[in-house]
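Participant: I'll drop the sequence and a predicted model, then ask my questions.
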Amino acid sequence: MLHVVHHPHYVSPASPGSSFSFDKYGLVMHALTESGAAPHLHQPEAMPRDWIEAVHDPDYVAEVAACRVPPDKARRIGFPVTERVARRAFLAPGGTWLAAKLALRHGYAANGAGGSHHAMADSGAGYCVFNDLAIAANRLIAERDAARIMIVDLDVHQGDGTAVLTAGRPDIFTFSIHSERNFPARKARSSFDLGLPDATGDADYLAALAAHLPAAIDIFAPDLILYQAGVDPHRDDRLGRLALSDEGLGDRDRFVMRQARRRGIPLASVLGGGYGDDRLAVARRHVRSILALHEAFDEAGPLAGVGTATLLDSL
């Protein structure tokens with residue numbers, strides 16, 4: 001059973017003056033149906049404010065909650081924070097946390113949003129309001145659902161916010177392979193970083209991933225992986241500088257899942273970036289990513305340590 005977290009309020013109208021559209025998140029669900037998949041859908045609750053404030057400055061959280069984000073921060077985010085944007089900003093971390101809880105029970109689950117890896121403590125940035133990955137990881141560890149979490153970020157952009165917000169924590173490992181010359185101009189320091197040159201294609205990308213990810217997993221030995229599966233490394237992405245094909249992205253996702261499966265590590269994925277004028281085409285890339293992860297998960301049967309009866313239970 002494919003477990004997918006979605007909320008209708010993941011979709012909201014574009015903010016005035018912004019080119020960023022949130023309809024991709026509804027189109028992902030359309031593309032899932034179009035693919036013939038019949039996922040078990042789970043609806044998240046908003047992340048409790050205390051858990052967001054454990055990672056973000058309470059004053060900034062209050063600005064988002066009241067829809068009073070100052071213009072300079074709105075410019076960094078890329079759009080004004082309206083009431084519907086704020087509601088979504090609280091829901092997405094709840095969705096990533098729920099996907100992780102589902103993965104711990106079933107082996108794999110996907111959040112149909114999330115991956116807001118540029119958000120910093122006191123401001124959002126790069127279309128990200130709150131950093132759902134850092135928030136979810138912190139809560140999972142604090143509540144003892146996991147002891148060591150690896151955040152594998154394969155978005156075309158470096159996960160700078162995630163790296164900064166989790167810096168110095170021995171229980172969270174941040175792994176980022178990204179386009180070196182892409183946003184952000186000033187990179188943060190992840191636990192592991194690899195910046196790739198422009199136009200890197202399938203073969204070189206997959207070779208780099210194979211050279212570094214298995215060793216990082218073995219050294220850190222996580223008991224949960226949060227996977228930022230951005231599809232913006234695609235050669236046709238409007239904001240990407242890499243050159244992966246549909247097949248290359250699928251091979252990337254299957255490789256990540258196989259590494260997790262071989263070691264008996266549950267994995268939860270989040271959408272991450274994907275940009276283009278044809279938003280349905282972008283949504284279909286996200287769905288192919290989710291399906292590739294699910295197919296690779298299913299290759300070897302139930303996850304080691306997770307019984308068949310548990311796999312059939314709902315959360």
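Facilitator: Happy to help now that I have it.
Participant: which residues touch Phe297?
Facilitator: Applying Cβ atoms under 8 Å, 6 or more residues apart in numbering to Phe297 gives the contacts Gly107, Tyr108, Met257, Arg261, Leu267, Leu303. Backbone N, C-alpha and C define where each C-beta goes, glycine included.
Participant: Any regions of the stretch 101-250 of the chain where pLDDT drops low?
Facilitator: The model of the stretch 101-250 of the chain has no residue with pLDDT under 70.
Participant: just the strands in it please.
Facilitator: Secondary structure of the stretch 101-250 of the chain (DSSP state E, counting those that start in this stretch): strands at 108-111, 149-153, 172-179, 192-196, 224-228.
Participant: Thought Tyr205 was touching Ser245, still the case?
Facilitator: No: using Cβ atoms under 8 Å, Ser245 is not in contact with Tyr205; the gap is 10.1 Å.
Participant: neighbour count winner among the two?
Facilitator: Neighbours were counted for Ser245 and for Tyr205 using other Cβ atoms under 10 Å; Tyr205 has more, 21 against 13.
Participant: can I assume that one is in contact with Phe255?
Facilitator: No: if you go by Cβ under 8 Å, Tyr205 and Phe255 don't touch, sitting 10.3 Å apart.
Participant: so where do the helices sit in the stretch 201-315 of the chain?
Facilitator: Using DSSP state H, counting those that start in this stretch, the helices of the stretch 201-315 of the chain run over 202-220, 246-262, 279-298, 308-312.
Participant: Can you read off the backbone torsions of Arg148?
Facilitator: Backbone dihedrals for Arg148, given as degrees, to the nearest 10, come out at phi -140, psi 120.
Participant: Thought Pro222 was touching it, still the case?
Facilitator: Yes: if you go by Cβ under 8 Å, Arg148 and Pro222 touch, sitting 4.7 Å apart.
Participant: Of those two, which one has the most company?
Facilitator: When Arg148 and Pro222 are compared for neighbours, Pro222 comes out ahead with 24 against 16, by other Cβ under 10 Å.
Participant: What's the separation between Ala296 and Leu224?
Facilitator: In this view, Ala296 and Leu224 are 17 Å apart by Cβ to Cβ, to the nearest Å.
Participant: For these two, work out which one has more neighbours and name it.
Facilitator: Leu224 (24 against 21).
Participant: re earlier: who wins for proximity to Asp132 among the helices of the stretch 201-315 of the chain?
Facilitator: Judged by Cβ to Cβ, the one of the helices of the stretch 201-315 of the chain that comes nearest to Asp132 is helix 279-298, at 15.7 Å.
Participant: buried ones in that closest one?
Facilitator: 279, 282-294, 296-297 (16 or more other Cβ atoms under 10 Å).
Participant: about what we covered before: please identify the most buried of the strands of the stretch 101-250 of the chain.
Facilitator: When neighbours are counted by mean count of other Cβ atoms under 10 Å, the highest per-stretch mean among the strands of the stretch 101-250 of the chain falls to strand 108-111, a mean of 30.
Participant: Just give me the neighbour total for the closest residue to Arg49 other than its chain neighbours.
Facilitator: Spatial nearest neighbour of Arg49, chain neighbours left out: Val61 (6.4 Å); criterion: Cβ to Cβ, 6 or more residues apart in numbering. Residues lying near Val61 (other Cβ under 10 Å) number 19.
Participant: residues touching Val61, list them.
Facilitator: Arg49, Ile52, Glu53, Phe130.
Participant: Angles on the backbone of it, please.
Facilitator: Dihedral angles (degrees, to the nearest 10) for Val61: phi -60, psi -40.
Participant: What of Gly107?
Facilitator: According to degrees, to the nearest 10, Gly107 has phi 110, psi -40.
Participant: Thought Ala268 was touching it, still the case?
Facilitator: No: using Cβ under 8 Å, Gly107 is not in contact with Ala268, being 9.9 Å away.
Participant: So for these two, which residue has more residues nearby?
Facilitator: Set Gly107 next to Ala268 and count neighbours by other Cβ under 10 Å: Ala268 wins out with 32 against 27.
Participant: hang on, the earlier thing: spit out the residues that contact Arg148 and Pro222 alike.
Facilitator: By Cβ under 8 Å, 6+ apart, the residues touching both Arg148 and Pro222 are Phe173.
Participant: and Asp50, how many neighbours?
Facilitator: By other Cβ under 10 Å, 10 other residues sit near Asp50.
Participant: tell me how far the ends of stretch 217-229 are from each other?
Facilitator: One end of stretch 217-229 sits 17 Å from the other (Cα to Cα, to the nearest Å).
Participant: Export the strands of the stretch 101-250 of the chain as JSON lines, with columns for distance to Asp122.
Facilitator: JSON lines is the format used below for those (distance: least, Cβ to Cβ, whole Å):
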{"stretch": "strand 108-111", "distance to Asp122": "25"}
{"stretch": "strand 149-153", "distance to Asp122": "21"}
{"stretch": "strand 172-179", "distance to Asp122": "19"}
{"stretch": "strand 192-196", "distance to Asp122": "23"}
{"stretch": "strand 224-228", "distance to Asp122": "22"}
